[in-house]
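>>> Predicted model and sequence follow; I will ask about them next.
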Amino acid sequence: MEQSALKMFHVEQKGETMKILDQFDVAVIGAGHAGIEAAVASAKRGCKTALFTISLDQIGNMPCNPAIGGSAKGHLVREIDALGGVMGKAADACCIQMRMLNLSKGASVHSPRAQEDRRAYHALTKKLCEETANLQVIQAEIADIRMEENKVTDVINSFGGVYLCKAVVICAGTFLNGRVYIGKQSQESGPDASIPSRYLSDSLRQSGITLRRFKTGTPCRVHRRSIDYTLLTPQTGDKNPLPFSFEHECGSVRNDAICYIANTNEETHRVIRENLSESPLYSGLIHGIGPRYCPSIEDKVVRFTERKQHQIFVEPTGIDTDEMYLGGFSTSLPEDVQRKMLQTVKGFKHIEIMRSAYAIEYDCINPVCLLHTLAFRDYQGLYAAGQFNGTSGYEEAAAQGLIAGINASAYVLGDDPLELPRSSSYIGTLIDDLVTKGTDDPYRMMTARSEYRLSLRHATADARLTPIGYRYGLISEERWAKFNEKTARIQNAVEQIRHKTVHPSEQLNQYLKASDTSELTQAVKMDSLLRRPQVELEPLTKAVGIDLNLAGEEAAEVSLQIKYEQYIERQNQQNEHRSQLEKVKLPVGIDYSKIHGISSEAAEKLTKHQPEHLAQAAAISGISPADISILMTWLKAGGATHE
């Protein structure tokens, strides 16, 4: 096109007087998982907030997998809930199957995952936004964000209507210049055949914000009746499952849906290889960078040639629908090829495709242009969250949205901003990774990304973050009181176990013998018994004859604190070391190449990223401990001050 979309937008408005339609403290653009959290948090903190969406029917939509949580992502959801966010409660309310993943591994990587009724989730989150005080939900395509002297003043919709505002949070998801690909055919589109955002990208570029193209994809949906489930492996939910929200009791979520596992085979892979030339990924039509950890099925076949099969997760998209989602089988191959390759899978011989799989390309930013508050470094009042920041996943988006909403409202209200350090949470790790290192492909949270994962167990999210949520006005007085009661019970139980002297007894030794561990011959502290791998807390307390007065998951947390005490203490020391590094601030605009002794790679990367403190500098890939030592020496010599 000869003219940019924004130029076309302004041409369309020429001669028309733009009218001010309303005035807000905070405007949130996009009502996906990031936008919901940002808008609700801002409104709950007392700011008059607008939540703009291209379609009201897209609020809380799940255009890809109808599930919440999973490995590391479940940690994020529990942290969102601990801070007072929306996602945990909504996911519990719309859950149709709940499972705890990674139970065969250590407690630090246990993570809850829920299959969701996607339409129920949309309806619930839409209603929640509609009922939130100080929040207006508005169907409009925001075409322009206007600023004066790099400070936000207003946003304009595609019909020229003006909304004055003091802060803006961009949560555009995959809508910005969205383009969908199926085979060699493509068309402008947002997810789920929605209208894309046509103008906002050019508005951002004209303001000096650099955009790039990322790509993601979603598998097809198929009809329930066209699958032979006798040839698949069923997956049921857990008994008495743990919900996401700390306000909900174990076993309170719906848990009756059945998921299944199918597998591709060599015939499936043959069909894919024969049709690679039809894939826009391999024909050069798609230029956007796709997710490293969620590749398409054609990517899997090409990259992992030694694999004879790949799993397909067959999951219901809701209770009152016959649509089934095929997880792990995303593709952008032509529709006829999609059918051919599915028909080669056992159980899919008579498959009926209801929604074809597609790839979607969209504009986003490199998040190194953001601060840890998720504010743009060079623009006042402008914040960003979600896939617009280069991430993938509903959970990563919601986590960012919550922090951006808190900080946008803090900017308006004149409050202190919220910056979560890596040691505090997976949310802190996520944001620190994004703004310090950036990302070259859609970022996905994994437990391996955190060096503090033993301390960041999903069960401790409330202990770590609920005091922060309370301080920022997102936790009710009733919930705060219950949290303090729970904390006191856990602390009292831990102290009681540490100080309790246990003497040999017939009942105790019978339990120890049955647990395949040595019997007690002399008095010991109870915590030393609990540290034995074979010993569990509940039967031990019965054998010893004490009542710790614990509820729900509290007993499991007490047991873990005792069993992992030495490891947790070691990690706490590491946390303290990083906390000290966080206190050593670095001036803005340093030319690190002028610091004698620092490596050329470190100088280049530090000058590029401009970390705010030594902890951020240490987290940048390629920065060695020697480089940090040189920086500390330089600072002590007068390069900067130590807080």
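Done, it's in. Owing to the predicted nature of the structure, the values given are computational and were not obtained by experimental measurement.
>>> so Ile431 makes contact with Leu371?
No. In this structure Ile431 lies outside contact range of Leu371 using C-beta atoms under 8 Å: 9.4 Å. Yep, even glycine has a C-beta here, placed from its N, CA and C like the rest.
>>> More neighbours: which of these two?
Ile431 (28 against 15; other C-beta atoms under 10 Å).
>>> where does the more buried one fall, helix, sheet strand or coil?
Three-state call for Ile431 (DSSP: H, G, I helix; E, B strand; the rest coil): helix.
>>> Next, the buried residues of stretch 580-597.
Neighbour-count burial for stretch 580-597 flags Leu581, Glu582, Val584, Leu586, Ile590, Tyr592, Ile595 (criterion: 16 or more other C-beta atoms under 10 Å).
>>> Ala615 is in contact with the fourth one, correct?
No. Counting by C-beta under 8 Å, Ala615 is not a contact partner of Leu586; they are 10.1 Å apart.
>>> Okay, buried residues for stretch 492-502 please.
Buried, per 16+ other C-beta under 10 Å, within stretch 492-502: Ala493, Val494, Gln496, Ile497, Lys500, Val502.
>>> now the last one, nearest residue through space, not along the chain?
What that stands for is Val502. For Val502, ignoring the flanking residues on the chain, the nearest one in space by C-beta to C-beta, 6 or more residues apart in numbering is Met526 at 4.9 Å.
>>> from memory the one you found sits against Thr501, does it?
Yes. If you go by C-beta under 8 Å, Met526 and Thr501 touch, sitting 7.4 Å apart.
>>> Contact partners for Arg99?
Pro112, Arg113, Ala114, Gln235, Gly237, Asp238, Pro241 (C-beta atoms under 8 Å, 6 or more residues apart in numbering).
>>> again, only this time at 6 Å
By C-beta atoms under 6 Å, 6 or more residues apart in numbering, the contact set of Arg99 is Arg113, Gly237, Asp238.
>>> now Ala461
Per C-beta under 6 Å, 6+ apart, neighbours of Ala461: Arg78, Glu79, Ala82.
>>> can you pick the most crowded of the residues you listed?
Of the contacts of Ala461, with other C-beta under 10 Å as the count, Glu79 tops at 32 neighbours.
>>> what about that residue, distance to Met445?
11 Å (C-beta to C-beta, to the nearest Å).
>>> Which residue is the nearest non-sequential neighbour of Tyr229?
Tyr260 (6.1 Å).
>>> correct me, but the one you found touches Val314?
Yes. Counting by C-beta atoms under 6 Å, Val314 is a contact partner of Tyr260 at 4.1 Å.
>>> And the contacts of whatever helix or strand Val302 lives in?
Per DSSP states H and E: Val302 is located in helix 297-303. The contact list for helix 297-303 (C-beta under 6 Å, 6+ apart) reads His269, Ile272, Ser279, His310, Phe329, Thr331.
>>> for that helix, which positions count as buried?
Here helix 297-303 shows Ile297, Glu298, Asp299, Lys300, Val301, Val302 as buried, counting by 16+ other C-beta under 10 Å.
>>> Show me the two of those residues that sit farthest apart.
Ile297 and Val302 (9.8 Å; C-beta to C-beta).
>>> OK, contacts around Tyr121?
Neighbour list for Tyr121: Gly60, Cys94 [criterion: C-beta under 6 Å, 6+ apart].
>>> Could I get the phi/psi values of it?
Backbone torsions for Tyr121, taken as degrees, to the nearest 10, come to phi -60, psi -40.
>>> mind giving me a markdown table with the buried residues of helix 297-303 and columns for distance to Ala27 and pLDDT?
Listed next are the buried residues of helix 297-303 as a markdown table, based on distance: C-beta to C-beta, whole Å; pLDDT from 0 to 100:
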| residue | distance to Ala27 | pLDDT |
| --- | --- | --- |
| Ile297 | 39 | 94 |
| Glu298 | 40 | 92 |
| Asp299 | 38 | 90 |
| Lys300 | 41 | 93 |
| Val301 | 44 | 93 |
| Val302 | 43 | 92 |
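>>> Mind putting those residues into CSV with distance to Lys19?
Shown next, in CSV, are those (distance: C-beta to C-beta, whole Å):
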residue, distance to Lys19
Ile297, 50
Glu298, 50
Asp299, 49
Lys300, 52
Val301, 55
Val302, 54
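>>> Looking at those residues, which is nearest Asn366?
Distances from Asn366 to the buried residues of helix 297-303, taken by C-beta to C-beta, are shortest for Asp299, at 22.8 Å.
>>> And that closest one, how far from Thr391?
19 Å.
>>> what do you get for Asp627?
28 Å.
>>> after the helix holding Val302, next one along is what?
Taking DSSP H and E, what comes next after helix 297-303 is strand 311-316.
>>> okay, the angle between the following helix or strand past that following strand and strand 311-316?
Using DSSP H and E, the helix or strand that follows strand 311-316 in sequence is strand 323-327. Between strand 323-327 and strand 311-316, the angle comes out at 160 degrees (axes from the mean of the first three to the mean of the last three C-alpha atoms, to 10 degrees).
>>> residues in contact with strand 323-327?
65-66, 219, 221-222, 224, 312-317, 354.
>>> and which of those residues is nearest to Arg119?
Nearest to Arg119 among the contacts of strand 323-327, with distances taken as C-beta to C-beta, is Thr317, at 8.0 Å.
>>> In contact with that closest one, which residues?
Contact analysis of Thr317 by C-beta under 6 Å, 6+ apart lists Pro66, Arg118, Glu323, Tyr325.
>>> what separates it from Asn65, distance-wise?
As judged by C-beta to C-beta, Thr317 and Asn65 stand 9 Å apart.
>>> Of the buried residues of stretch 580-597, just say which sits nearest to Glu131.
For those, the nearest to Glu131 is Glu582 (39.0 Å; C-beta to C-beta).
>>> Tell me if I'm right that the closest one and Gln616 touch.
No. With contact defined as C-beta under 6 Å, Glu582 does not reach Gln616; the gap is 8.0 Å.
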